[in-house]
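[1] this is a predicted model, with the sequence first.
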Amino acid sequence: MPHNTPSLTDPRALLRHLFDVAVQRALPLHNTAAHLPDPPKGRTVVIGAGKAGGAMAQAVEALWPADAPISGLVVTRYHHTPPRPAGLAQRIEVVEASHPVPDAAGLAAAGRILQLVQGLTADDLVLCLISGGGSSLLTLPCEGLTLEDKQRINRELLESGANITEMNTVRKHLSAIKGGRLAAACAPARVVTLTISDVPGDDVSVIASGPTVPDASTCADALAILQRYRIDVPAAVRAQLDSGALETPKPGDARFNGHAVKLIATPQQSLEAAAEAARALGLSAYVLSDEIEGESREVGKVHAALARSTAQGRSAFQPPCVILTGGETTVTVRPRTEGQPRGRGGRAGEFCMGLAQALQGQAAVWALAADTDGIDGVEDNAGAIVAPDTLARAQALGLKVSDHLARNDAYGYFEAINDLVVTGPTHTNVNDFRCVLVLRSEV
């Protein structure tokens, strides 16, 4: 986090400060101690997956009693393992794999994790560390599905505009480890899941496709989603979905008796932390929702309408203020015309393009949108910043926001005007962070 307290005279620094506060609130080491169970009579096996997996493992290693044995395996995204603090002994292995499209490393890690929980007893404890990104990192295709099939289906889901609940409903039913199956494999050991939420509503069955919690969705739901977005699966797999052979363990299943799930960090907590930091700087702060979904560019337009009315004194919000929202928006990737380069960017950048286009240079309005894991889509930026002169500076370079929206190229647009937000991996993940700053009333 910046050492200097930002002021209203430097909106970019102020917005970045609020984002950093939100991220800090969600770091595993700050949130784990109160949720750790007591060591069991038997073994403690730590497993897990997600973009915060490495940091969560280190938090457990730092906080677990030194005289209590602990071991295990956690998988995180490439380059998302944090530096090891001096003097902290490694007791949990951390491996890295691909996100958002799974790869062979994730497949191997999932197989090893499933092996680690075989043969446990009722005296043993499985401590499962789950965060966003686990759906791709913990990949173990169901019978009849290859890794290549899973990769294709994942790509098509990501580009379809499906929301996270829809995507993970499909992923759970095409998996041999997600949708509660991992917890079932741990029986009769007790399972305690510590999770960092990256989904609207903090539904633990959706976070990382819920590998350790029962799943209320059905094969029929998965089939309907595949049909809605015109995504093909192999005929043998479709037949298993039709017959219910790929059904997930359901609520009430005795294999989940005695298990516990604890949310250690949530999007709402991070938004509230940012709001508190804004108020400390003399701003009014309004947290609208941590559950906003929808097409990113359209959500940007809605935020622009709120900002314009606030700047013009026609809103219940009193400037100078910040308007804060979270959730998980989506991007429907537009078809490319022949010879056109593929656009680069994620949902935060796409939101910012939609916002800038709708604001049309509105004075006194600034904004930052970024993914709290530090990665917007698959690029090296977390998000972007919008300023009153965003459109003008881009137009001076010959760039039209409408052209970049047409090819989903937020990265190229904001890189050209030096308004990408680049943080590197943050080692946590509580989903989208959006902050609109209105500095003064303009009539």
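    Everything's here; your move. Residues are numbered from 1 along each chain as shown.
[2] flag the shaky bits of the stretch 1-150 of the chain, pLDDT-wise.
    Within the stretch 1-150 of the chain, the stretches with pLDDT under 70 are 1-4.
[3] show me where it has helices.
    11-25, 53-63, 104-116, 134-137, 147-160 (DSSP state H, counting those that start in this stretch).
[4] residue ranges of the strands in the stretch 101-250 of the chain, please?
    125-130, 190-196 (DSSP state E, counting those that start in this stretch).
[5] the longest one pairs with which strands?
    Strand 190-196 has these partner strands in its sheet, going by DSSP bridges: strand 125-130 (parallel), strand 260-265 (parallel).
[6] ok and it relative to helix 53-63, angle-wise?
    120 degrees (axes from the mean of the first three to the mean of the last three C-alpha atoms, to 10 degrees).
[7] what comes up buried for strand 190-196?
    Buried positions in strand 190-196, judged by neighbour count with 16 or more other C-beta atoms under 10 Å: Arg190, Val191, Val192, Thr193, Leu194, Thr195, Ile196. (C-beta placed from N, C-alpha, C; glycine too.)
[8] Provide the secondary structure category for Leu324.
    Assigned with DSSP: H, G, I helix; E, B strand; the rest coil, Leu324 falls in the strand class.
[9] quick check, it in contact with Tyr286.
    Yes - under the criterion of C-beta atoms under 8 Å, Leu324 makes contact with Tyr286 at 6.7 Å.
[10] what do the two both touch?
    Counting by C-beta atoms under 8 Å, 6 or more residues apart in numbering, the residues touching both Leu324 and Tyr286 are Ala275.
[11] can you give the domain ranges for this protein?
    The chain breaks down by automatic domain parsing into domains covering 11-24+267-438, 28-265.
[12] let's have the buried residues of strand 190-196 in TSV, adding pLDDT and distance to Leu405.
    As requested, the buried residues of strand 190-196 are exported to TSV (pLDDT from 0 to 100; distance: C-beta to C-beta, whole Å):
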residue	pLDDT	distance to Leu405
Arg190	97	50
Val191	98	45
Val192	98	45
Thr193	98	39
Leu194	98	39
Thr195	98	34
Ile196	98	31
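[13] show me which of the residues you listed is closest to Gly50.
    Looking at the buried residues of strand 190-196 and their distance to Gly50, the nearest is Ile196, at 7.1 Å (C-beta to C-beta).
[14] any idea what the closest one is bridged to?
    Beta-bridge partners for Ile196, by DSSP bridges, are Ala265.
[15] where does the stretch 301-443 of the chain dip in pLDDT?
    Across the stretch 301-443 of the chain, the ranges flagged by pLDDT under 70 are 336-339, 441-443.
[16] redo that, cut-off 50
    The stretch 301-443 of the chain contains residues with pLDDT under 50 at 442-443.
[17] now do the helices in it.
    Secondary structure of the stretch 301-443 of the chain (DSSP H, counting those that start in this stretch): helices at 347-359, 390-396, 401-406, 410-416.
[18] not counting its neighbours along the chain, what's nearest Asp149?
    Counting by C-beta to C-beta, 6 or more residues apart in numbering, the nearest residue to Asp149 once its immediate chain neighbours are dropped is Pro234, at 6.3 Å.
[19] can you give me the first-to-last residue distance of stretch 396-412?
    One end of stretch 396-412 to the other measures 15 Å (C-alpha to C-alpha, to the nearest Å).
[20] typo on my end, stretch 182-199
    20 Å.
[21] and it, how far out from the chain's middle?
    Centroid displacement of stretch 182-199 relative to its chain, using C-alpha atoms, centre = their mean, to the nearest Å, is 19 Å.
[22] what of stretch 62-72?
    How far stretch 62-72 lies from its chain's middle: 28 Å, per C-alpha atoms, centre = their mean.
[23] next: stretch 179-191.
    Computed by C-alpha atoms, centre = their mean, the chain-centroid distance of stretch 179-191 equals 24 Å.
[24] what residues of that stretch count as buried?
    So stretch 179-191, judged by 16+ other C-beta under 10 Å, has buried residues Gly179, Gly180, Arg181, Leu182, Ala183, Ala184, Ala185, Cys186, Ala187, Ala189, Arg190, Val191.
[25] same question, stretch 156-165
    Going by neighbour count (16+ other C-beta under 10 Å), the buried part of stretch 156-165 is Glu156, Leu157, Leu158, Ser160, Gly161, Ala162, Asn163, Ile164, Thr165.
[26] cool, stretch 345-355 as well?
    Residues of stretch 345-355 classed as buried: Gly345, Gly346, Arg347, Ala348, Gly349, Glu350, Phe351, Cys352, Met353, Gly354, Leu355 (neighbour count, 16+ other C-beta under 10 Å).
[27] do the same with stretch 358-367
    Ala358, Leu359, Gln362, Ala364, Val365, Trp366, Ala367.
[28] same list (these) but as CSV, adding distance to Thr330.
    Shown next, in CSV, are the buried residues of stretch 358-367 (distance: C-beta to C-beta, whole Å):
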residue, distance to Thr330
Ala358, 18
Leu359, 21
Gln362, 25
Ala364, 30
Val365, 24
Trp366, 25
Ala367, 19
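[29] of all these, which two lie farthest apart?
    Using C-beta to C-beta, those span at most 15.4 Å, a distance reached by Ala358 and Ala364.
[30] now Ile323. Nearest residue, chain neighbours left out?
    Distance criterion C-beta to C-beta, 6+ apart; nearest residue to Ile323, sequence neighbours excluded, is Val436 at 4.4 Å.
[31] go on, Ile47?
    Closest to Ile47 by C-beta to C-beta, 6+ apart is Ile113, at 4.9 Å.
[32] so that neighbour makes contact with Leu73?
    Yes - with contacts counted by C-beta under 8 Å, Ile113 reaches Leu73, the gap being 5.6 Å.
[33] for the spatially closest residue to Ala392 that is not a sequence neighbour, give its distance to Met56.
    With sequence-adjacent residues excluded and distances taken as C-beta to C-beta, 6+ apart, Ala392 is closest to Gly361, at 6.4 Å. Distance, Gly361 to Met56, using C-beta to C-beta, to the nearest Å: 43 Å.
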